[in-house]
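Student: coords please:
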Amino acid sequence: MEAGTVLPELCDEHRDGTVFADVQLALWAPCPEWMGGGWVVTTMLPLLGPQSERLDAGTRIYGPYVAVAVPRSQEDS
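Tutor: Presented below is the predicted three-dimensional model:
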């Protein structure tokens, strides 16, 4: 997938090694199948405030997702 590609949601077909960012600047990287598949998400949480405020389900926005890092091809190595 090309860097800059915008997707409304992430599916298994998008797990080609591309890293995505969402509107809250969390990074979404595909987890290998041998580790169970799915996505590893890295977020920046505020340092101050109760934990429940930072993780409140009502405050989290998902999508759209933008491809920010594409996998290196074998020829690039």
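Student: So in terms of bridging, what pairs with the spatially most central residue of the chain?
Tutor: Within the chain, one residue has its C-alpha closest to the average C-alpha position: by Cα atoms, centre = their mean, that is residue 28, at 1.3 Å. Residue 28 has the following beta-bridge partners by DSSP bridges: residue 20, residue 41.
Student: Spit out the contact partners of it.
Tutor: The contact partners of residue 28, taken as Cβ atoms under 8 Å, 6 or more residues apart in numbering, are 10, 19-22, 39-41, 65. Every C-beta, even on glycine, is put in place using the N, C-alpha and C of the backbone.
Student: which one of those residues is nearest residue 71?
Tutor: The shortest gap between residue 71 and any of these belongs to residue 19, at 8.6 Å (Cβ to Cβ).
Student: residues contacting that closest one?
Tutor: 27-29, 67-69.
Student: Of the contacts of residue 28, keep whichever come out buried.
Tutor: Judged by neighbour count, with 16 or more other Cβ atoms under 10 Å as the criterion, the buried members of the contacts of residue 28 are 10, 19-22, 65.
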